[in-house]
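A.B. asks: next input, structure requested:
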Amino acid sequence: MTLLNEILDFNEQFVEKGEYVKYRTDKFPEKRMVIISCMDTRLVELLPKSLNVKNGDVKILKTAGAIVSHPFGSVMRSILVAVYELKADEVLVIPHHDCGMASVDADSMVGKMLERDIPQSTIDTLGASGIDIRSWLRGFDDVYESCKKSVEVIKGHPLIPKNIPVHGLIISPDTGKLELVVDGYAEGQK
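C.D. replies: This next block holds a predicted model:
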(Lines give C-alpha, C1' and ligand atoms only; values in the text may rest on other atoms or scores of the structure.)
Protein backbone atom coordinates (compact mmCIF):
# COMPACT_ATOMS: atom_id res chain seq x y z
CA MET A 1 0.00 0.00 0.00
CA THR A 2 1.35 3.44 -0.91
CA LEU A 3 1.34 6.42 1.42
CA LEU A 4 -1.28 8.03 -0.77
CA ASN A 5 -3.54 4.98 -0.43
CA GLU A 6 -3.06 5.05 3.35
CA ILE A 7 -4.08 8.71 3.41
CA LEU A 8 -7.11 8.12 1.21
CA ASP A 9 -8.24 5.10 3.27
CA PHE A 10 -7.85 7.04 6.51
CA ASN A 11 -9.67 10.02 5.04
CA GLU A 12 -12.62 7.91 3.98
CA GLN A 13 -13.03 6.68 7.57
CA PHE A 14 -12.47 10.18 8.96
CA VAL A 15 -15.33 11.57 6.87
CA GLU A 16 -17.65 8.59 7.39
CA LYS A 17 -17.25 8.83 11.19
CA GLY A 18 -17.83 12.60 11.18
CA GLU A 19 -14.44 13.32 12.80
CA TYR A 20 -14.31 16.63 10.91
CA VAL A 21 -17.12 18.13 12.99
CA LYS A 22 -14.81 19.04 15.90
CA TYR A 23 -12.60 21.04 13.53
CA ARG A 24 -15.29 23.17 11.92
CA THR A 25 -14.68 26.90 11.93
CA ASP A 26 -14.88 29.71 9.41
CA LYS A 27 -12.17 31.22 7.23
CA PHE A 28 -11.54 34.27 9.42
CA PRO A 29 -8.89 33.84 12.12
CA GLU A 30 -10.39 34.27 15.58
CA LYS A 31 -7.14 35.77 16.93
CA ARG A 32 -6.78 37.91 13.78
CA MET A 33 -3.17 37.05 13.02
CA VAL A 34 -1.09 35.35 10.39
CA ILE A 35 1.98 33.31 11.30
CA ILE A 36 4.87 32.54 8.96
CA SER A 37 6.76 29.54 10.25
CA CYS A 38 9.06 26.80 9.04
CA MET A 39 7.85 23.60 7.43
CA ASP A 40 9.93 21.57 9.92
CA THR A 41 8.13 18.39 10.97
CA ARG A 42 8.85 19.08 14.64
CA LEU A 43 6.61 22.16 14.50
CA VAL A 44 3.47 20.61 13.01
CA GLU A 45 1.80 20.20 16.40
CA LEU A 46 4.34 21.89 18.71
CA LEU A 47 4.01 25.38 17.21
CA PRO A 48 0.23 25.76 17.66
CA LYS A 49 0.29 24.15 21.10
CA SER A 50 3.14 26.37 22.30
CA LEU A 51 1.25 29.48 21.11
CA ASN A 52 -2.10 28.39 22.54
CA VAL A 53 -3.76 28.44 19.14
CA LYS A 54 -6.35 26.00 17.93
CA ASN A 55 -8.08 25.34 14.64
CA GLY A 56 -9.68 28.58 13.46
CA ASP A 57 -7.51 30.92 15.56
CA VAL A 58 -4.82 31.96 13.07
CA LYS A 59 -3.59 31.66 9.51
CA ILE A 60 -0.35 29.68 9.32
CA LEU A 61 2.00 29.83 6.32
CA LYS A 62 4.84 27.31 6.17
CA THR A 63 8.03 27.92 4.21
CA ALA A 64 11.53 26.53 4.41
CA GLY A 65 13.14 28.50 7.24
CA ALA A 66 10.13 30.81 7.73
CA ILE A 67 11.81 32.99 5.13
CA VAL A 68 10.02 35.76 3.28
CA SER A 69 12.61 36.24 0.58
CA HIS A 70 10.78 38.17 -2.09
CA PRO A 71 8.49 41.16 -1.54
CA PHE A 72 6.31 40.12 -4.48
CA GLY A 73 6.42 36.34 -4.08
CA SER A 74 3.67 33.95 -3.07
CA VAL A 75 4.40 34.18 0.67
CA MET A 76 4.00 37.96 0.69
CA ARG A 77 0.86 37.65 -1.44
CA SER A 78 -0.57 35.21 1.14
CA ILE A 79 0.20 37.67 3.94
CA LEU A 80 -1.57 40.44 2.04
CA VAL A 81 -4.61 38.22 1.45
CA ALA A 82 -4.68 37.40 5.18
CA VAL A 83 -4.57 41.10 6.05
CA TYR A 84 -6.98 42.50 3.47
CA GLU A 85 -9.39 39.63 2.87
CA LEU A 86 -9.27 37.48 6.00
CA LYS A 87 -9.11 40.11 8.77
CA ALA A 88 -5.61 39.42 10.12
CA ASP A 89 -4.35 42.43 12.10
CA GLU A 90 -0.91 41.14 13.16
CA VAL A 91 1.92 39.15 11.59
CA LEU A 92 4.29 36.79 13.40
CA VAL A 93 7.46 35.45 11.78
CA ILE A 94 8.57 32.35 13.72
CA PRO A 95 11.65 30.45 12.51
CA HIS A 96 13.37 27.97 14.81
CA HIS A 97 16.72 26.86 16.14
CA ASP A 98 18.41 23.87 14.47
CA CYS A 99 16.79 24.67 11.12
CA GLY A 100 17.67 22.72 8.01
CA MET A 101 17.88 25.97 6.04
CA ALA A 102 20.89 26.95 8.15
CA SER A 103 22.82 24.06 6.67
CA VAL A 104 21.58 24.17 3.09
CA ASP A 105 24.50 24.08 0.70
CA ALA A 106 23.30 25.22 -2.72
CA ASP A 107 26.10 23.45 -4.59
CA SER A 108 25.30 20.20 -2.82
CA MET A 109 21.59 20.60 -3.61
CA VAL A 110 22.33 21.22 -7.28
CA GLY A 111 24.45 18.06 -7.21
CA LYS A 112 21.50 16.13 -5.79
CA MET A 113 19.27 17.53 -8.53
CA LEU A 114 21.69 16.27 -11.14
CA GLU A 115 21.77 12.84 -9.43
CA ARG A 116 17.97 12.72 -9.69
CA ASP A 117 18.04 13.28 -13.44
CA ILE A 118 17.59 17.03 -13.67
CA PRO A 119 19.71 17.79 -16.74
CA GLN A 120 22.71 20.11 -16.43
CA SER A 121 21.24 21.91 -19.44
CA THR A 122 18.24 22.90 -17.27
CA ILE A 123 20.55 24.38 -14.64
CA ASP A 124 22.51 26.16 -17.39
CA THR A 125 19.31 27.51 -19.02
CA LEU A 126 18.14 28.93 -15.69
CA GLY A 127 21.51 30.65 -15.27
CA ALA A 128 21.40 32.02 -18.80
CA SER A 129 17.91 33.34 -18.04
CA GLY A 130 19.25 35.44 -15.19
CA ILE A 131 18.31 33.08 -12.35
CA ASP A 132 21.18 32.57 -9.94
CA ILE A 133 20.00 29.19 -8.71
CA ARG A 134 22.75 28.88 -6.10
CA SER A 135 21.84 32.22 -4.56
CA TRP A 136 18.14 31.35 -4.70
CA LEU A 137 18.68 28.02 -2.93
CA ARG A 138 21.08 29.36 -0.32
CA GLY A 139 20.04 29.04 3.31
CA PHE A 140 21.02 31.36 6.13
CA ASP A 141 23.89 31.57 8.60
CA ASP A 142 22.12 33.20 11.55
CA VAL A 143 18.49 32.45 12.47
CA TYR A 144 18.19 35.78 14.34
CA GLU A 145 19.30 37.79 11.31
CA SER A 146 17.10 35.72 9.02
CA CYS A 147 14.10 36.41 11.26
CA LYS A 148 14.84 40.14 11.32
CA LYS A 149 15.25 40.21 7.54
CA SER A 150 11.87 38.51 6.96
CA VAL A 151 10.22 40.95 9.38
CA GLU A 152 11.78 43.85 7.47
CA VAL A 153 10.57 42.52 4.11
CA ILE A 154 7.02 42.42 5.48
CA LYS A 155 7.15 45.71 7.42
CA GLY A 156 8.76 47.53 4.52
CA HIS A 157 6.30 46.29 1.94
CA PRO A 158 4.50 49.19 0.26
CA LEU A 159 1.13 47.41 0.59
CA ILE A 160 1.32 46.54 4.29
CA PRO A 161 -0.50 49.11 6.43
CA LYS A 162 1.77 50.87 8.91
CA ASN A 163 -0.58 49.96 11.78
CA ILE A 164 -0.02 46.19 11.31
CA PRO A 165 2.47 44.97 13.93
CA VAL A 166 5.03 42.55 12.52
CA HIS A 167 6.71 40.48 15.22
CA GLY A 168 9.71 38.18 15.02
CA LEU A 169 10.15 35.24 17.39
CA ILE A 170 12.31 32.13 17.38
CA ILE A 171 10.97 28.83 18.68
CA SER A 172 12.86 25.90 20.12
CA PRO A 173 11.85 22.79 18.15
CA ASP A 174 12.56 20.74 21.28
CA THR A 175 10.61 22.62 23.96
CA GLY A 176 8.42 25.16 22.16
CA LYS A 177 10.07 28.02 24.10
CA LEU A 178 9.79 31.33 22.28
CA GLU A 179 12.42 34.08 22.13
CA LEU A 180 11.30 37.56 21.16
CA VAL A 181 13.50 39.01 18.42
CA VAL A 182 11.33 41.86 17.09
CA ASP A 183 8.45 43.37 19.07
CA GLY A 184 6.16 44.84 16.41
CA TYR A 185 4.45 47.00 19.03
CA ALA A 186 7.74 48.59 20.10
CA GLU A 187 8.62 49.30 16.47
CA GLY A 188 6.16 52.21 16.46
CA GLN A 189 3.29 50.22 15.08
CA LYS A 190 -0.29 50.04 16.33
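A.B. asks: how about the nearest residue to residue 180, chain neighbours excluded?
C.D. replies: residue 169 (5.7 Å; C-beta to C-beta, 6 or more residues apart in numbering). C-beta: built from backbone N, CA, C; applies to glycine.
A.B. asks: check residue 185 too.
C.D. replies: Per C-beta to C-beta, 6+ apart, closest to residue 185 is residue 165, 5.4 Å.
A.B. asks: give the contact list for the residue nearest to residue 180.
C.D. replies: Residues in contact with residue 169, defined by C-beta atoms under 8 Å, 6 or more residues apart in numbering, are 92, 93, 94, 147, 178, 179, 180, 181.
A.B. asks: just want the phi and psi numbers for the last one.
C.D. replies: Yep, that's residue 181 we're talking about. Main-chain torsions, residue 181, degrees, to the nearest 10: phi -110, psi -50.
A.B. asks: you'd agree it is up against residue 145?
C.D. replies: No: counting by C-beta atoms under 8 Å, residue 145 is not a contact partner of residue 181; they are 9.4 Å apart.
A.B. asks: these two: who's more crowded?
C.D. replies: residue 181 (19 against 11; other C-beta atoms under 10 Å).
A.B. asks: can you check the pLDDT for the more buried one?
C.D. replies: Residue 181 is assigned 98 on the pLDDT scale.
A.B. asks: contacts only, for it.
C.D. replies: Residue 181 neighbours (C-beta under 8 Å, 6+ apart): 144, 147, 148, 151, 168, 169, 170.
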